[in-house]
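**Student:** this is the structure alone, sequence omitted:
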């Protein structure tokens with residue numbers, strides 16, 4: 001969707017904030033078509049695992065930021081979302097939330113027709129507006145609070161190998177503490193939070209994250225990943241998982257809405273161009289052992305590099321075969 005391969009994939013590989021200014025006119029949000037892949041997976045998660053996706057610190061009032069997000073969504077995508085200060089409607093989904101009430105505004109556009117409304121009615125009343133926005137757009141959301149540097153609220157249905165319930169309420173630096181080779185991230189955490197929450201009110205920021213994975217699902221909560229990893233996926237059938245992250249500043253509240261757009265595609269498609277295969281090869285070859293372990297790539301490193309070398313046009317004798325788990 002919005003992932004910038006050439007900007008994101010660099011060698012030597014470094015774990016760093018990697019913020020850049022968004023281009024003029026670039027959107028934070030991506031409307032979903034009814035019944036799209038993202039929407040189906042989000043529906044499944046919110047129907048079965050909402051307790052692990054919709055989280056907030058006790059006593060935190062997320063509603064002002066949520067109102068701001070609804071207002072932003074309607075201003076950025078008026079053809080897909082409407083908001084009048086009380087009632088929000090996902091126009092493509094023919095579903096609205098007004099206070100605690102969920103409304104079906106027209107016959108549904110996919111499936112049995114009432115999937116979105118039924119899902120929202122199953123959520124706690126205070127989460128129905130967040131659920132509607134989550135189902136209307138590809139992005140997941142979190143609130144970053146510059147006043148204490150914490151992440152007090154999350155609506156994350158498609159996590160990338162991490163558990164949202166372990167992150168809610170924690171300091172931004174603590175959220176990234178398990179990340180391998182994280183010194184640059186931790187050092188920059190406080191200034192980054194202040195920056196994205198509106199220290200420069202005119203600036204809008206984005207960053208990109210990527211990995212190679214053994215499964216195609218968008219939802220990658222660690223509790224629902226097969227073990228051991230890579231036991232059934234050879235390197236040539238690996239998947240390319242990316243995130244585009246943006247920050248919608250709320251300077252008056254000293255907060256920012258953190259958006260996460262996940263995409264998964266066959267790795268072979270992502271590196272169809274030899275130059276991209278060569279770039280990815282160089283990045284993975286330069287990863288430290290700690291980063292390889294953190295990303296689950298330690299056991300697949302050699303066959304993956306061999307396969308990428310072939311895609312890049314280089315000679316290699318290493319087999320591109322299934323990995324022995326370890």
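**Tutor:** Looks like it came in fine. Being a predicted model, the structure only gives us computed values, none of them experimental. Numbers count the residues shown, from 1 in each chain.
**Student:** which residues touch the helix or strand encompassing residue 280?
**Tutor:** Element membership for residue 280 (DSSP states H and E) is helix 274-285. Here helix 274-285 makes contact (C-beta atoms under 8 Å, 6 or more residues apart in numbering) with 5-6, 9-13, 212, 270-271, 297, 301, 304-305, 308-309, 311-314. In short, each C-beta sits where N, CA and C put it, glycine included.
**Student:** would you map the helices across the stretch 51-200 of the chain?
**Tutor:** 63-76, 115-121, 128-136, 172-175, 183-194 (DSSP state H, counting those that start in this stretch).
**Student:** list the buried residues in the helix holding residue 280.
**Tutor:** 276-284 (16 or more other C-beta atoms under 10 Å).
**Student:** quick check: residue 105 touching residue 96?
**Tutor:** Yes. Between residue 105 and residue 96 there is a contact under C-beta atoms under 8 Å: 5.4 Å.
**Student:** so what sits against both of those two?
**Tutor:** residue 89.
**Student:** who has more neighbours, the two?
**Tutor:** residue 96 (20 against 12; other C-beta atoms under 10 Å).
**Student:** low-confidence stretches in the stretch 151-300 of the chain?
**Tutor:** Scanning the stretch 151-300 of the chain for pLDDT under 70 picks out 173-174, 176-190, 199-202.
**Student:** coming back round to it: please narrow the contacts of helix 274-285 to those residing in helices.
**Tutor:** 5-6, 270, 301, 304-305, 308-309, 311 (DSSP state H).
**Student:** of those residues - the most surrounded one?
**Tutor:** Result: residue 308 is most packed of the ones in helices among the contacts of helix 274-285 (other C-beta under 10 Å), 29 neighbours.
**Student:** spatially nearest residue to that residue (excluding sequence neighbours)?
**Tutor:** residue 281 (4.0 Å; C-beta to C-beta, 6 or more residues apart in numbering).
**Student:** now do the one you found against residue 127, distance only.
**Tutor:** 43 Å (C-beta to C-beta, to the nearest Å).
**Student:** ok so, going back, the helix holding residue 280 to helix 301-311, inter-axis angle?
**Tutor:** Orientation check (axes from the mean of the first three to the mean of the last three C-alpha atoms, to 10 degrees): helix 274-285 against helix 301-311 gives 160 degrees.
**Student:** return the distance of helix 274-285 from the chain's centre.
**Tutor:** 23 Å (C-alpha atoms, centre = their mean, to the nearest Å).
**Student:** what's the domain layout of this structure?
**Tutor:** 1-20+141-265, 29-138 (automatic domain parsing).
**Student:** which one of the ones you listed lies closest to residue 291?
**Tutor:** domain 1-20+141-265 (4.5 Å; C-beta to C-beta).
**Student:** in which helix or strand would I find the most centrally placed residue in the chain?
**Tutor:** The residue lying closest to the centre of the chain (C-alpha atoms, centre = their mean) is residue 260, at 3.3 Å. Element membership of residue 260, judged by DSSP H and E, is strand 255-266.
**Student:** was I right to think residue 127 contacts residue 55?
**Tutor:** No. Residue 127 lies out of contact with residue 55 (C-beta under 8 Å); the separation is 9.7 Å.
**Student:** residues contacting the residue lying closest to residue 90 once chain neighbours are set aside?
**Tutor:** For residue 90, ignoring the flanking residues on the chain, the nearest one in space by C-beta to C-beta, 6+ apart is residue 136 at 3.8 Å. Going by C-beta under 8 Å, 6+ apart, residue 136 touches 31-32, 73, 80-81, 90, 92-93.
**Student:** of these, select the buried ones using a ChimeraX command.
**Tutor:** The following ChimeraX command selects only the buried members of these, with burial defined by 16+ other C-beta under 10 Å:
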select :31,32,73,80,81,90,92,93
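**Student:** ok, for the residue nearest to the centre of the chain, nearest residue in space, not its chain neighbours?
**Tutor:** Of all residues apart from its sequence neighbours, residue 140 sits closest to residue 260 (C-beta to C-beta, 6+ apart), at 4.5 Å.
**Student:** please apply the same query to residue 95.
**Tutor:** Nearest to residue 95 is residue 116, by C-beta to C-beta, 6+ apart, at 4.6 Å.
**Student:** ok, now which ones touch residue 49?
**Tutor:** Shown in contact with residue 49 (C-beta under 8 Å, 6+ apart): residue 221.
**Student:** could you pull up phi and psi at it?
**Tutor:** In terms of degrees, to the nearest 10, the main-chain angles of residue 49 are phi -130, psi 30.
**Student:** over to residue 247?
**Tutor:** phi -130, psi 120.
**Student:** residue 140 against residue 158, yeah?
**Tutor:** Yes. Counting by C-beta under 8 Å, residue 140 touches residue 158, with 5.7 Å between them.
**Student:** shared neighbours of those two, anything?
**Tutor:** 260, 262.
**Student:** please, where are all the strands along the stretch 1-150 of the chain?
**Tutor:** In the stretch 1-150 of the chain, the segments counted as strands under DSSP state E, counting those that start in this stretch are 20-21, 54-56, 81-83, 87-90, 95-98, 101-104, 140-145, 150-155.
**Student:** any idea which of those has the lowest pLDDT on average?
**Tutor:** Note on the strands of the stretch 1-150 of the chain: strand 20-21 shows the lowest mean pLDDT, a mean of 90.
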